[in-house]
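S.K.: got a predicted structure plus its sequence, pasted below:
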Amino acid sequence: IKEVLDRNNYQNYRFNWNTIKQEDWTSSWKKYWSPELVGKNLLVLPYWFELPEVYKNKQVIKIDPGAAFGTGSHPTTSLCLENLEKISLSSKKVLDIGSGSGILSIAAKSFGASKIYSIDNDYLAINSTESNFRLNFGNLDTLRTYQGSFDELVSKYSFKNFDFILCNILAE
């Protein structure tokens, strides 16, 4: 490119380029993530971090922020998490609509919910919910996931008698 510009006496100082070192982009993005305190008692911890000593008394939610929405940093997710820590979920049945990464389902389980039903229309989100749930609890015993639109899932399955319904989705 520089040769073409030089041959044509192109003098534009707004144009520049940099050589970027070869980097493993599939994992280099991790350096931009760090543990995030949400509310008074929750710590969202990227899975590759060791728990910092200063947070040892916090309720930890491990997250692989890979392919789905919901790392705790978005204001609506933070607000949901802050409100979840204020209510008693002990032995409650919870429906998480638009589960994304599963962060709200994980928080519900962490705060005592006994049955969690997570739905999302994206298979990557369902995979992420299950993976992150397993990362935090080692199994999926209390989690049921469903992929599809809300309307089709409601007509296909009997979604009723929930103590809490969580929904952190786009307005559309």
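M.R.: Happy to help now that I have it. Numbers count the residues shown, from 1 in each chain.
S.K.: pLDDT-wise, which helix or strand of the protein ranks last?
M.R.: Using mean pLDDT, DSSP states H and E, helix 25-28 stands out as the lowest-scoring helix or strand of the chain, at a mean of 64.
S.K.: following that helix, which helix or strand comes up?
M.R.: The helix or strand immediately downstream of helix 25-28 is strand 36-38, counting by DSSP states H and E.
S.K.: helices and strands around that next one, which ones?
M.R.: For strand 36-38, the elements it packs on are strand 42-46, helix 75-84, judged by 3 or more CB pairs under 8 Å, 6 or more residues apart in numbering; DSSP states H and E. Just so you know, the C-beta spots here come from the backbone N, C-alpha and C atoms, and that holds for glycine as well.
S.K.: pairing partners for it, with directions?
M.R.: Note on strand 36-38: by DSSP bridges, its sheet partners are strand 42-46 (antiparallel).
S.K.: tell me the angle the strand it pairs with makes with helix 75-84.
M.R.: 130 degrees (axes from the mean of the first three to the mean of the last three CA atoms, to 10 degrees).
S.K.: show me what contacts the residue nearest the centre of the chain?
M.R.: By CA atoms, centre = their mean, the chain has its centre lying nearest to Gly70, at 2.7 Å. Residues in contact with Gly70 (CB atoms under 8 Å, 6 or more residues apart in numbering) are 63, 77, 99-104, 168.
S.K.: inside helices: which ones of the residues you listed?
M.R.: 77, 103-104 (DSSP state H).
S.K.: good, we can wrap up now.
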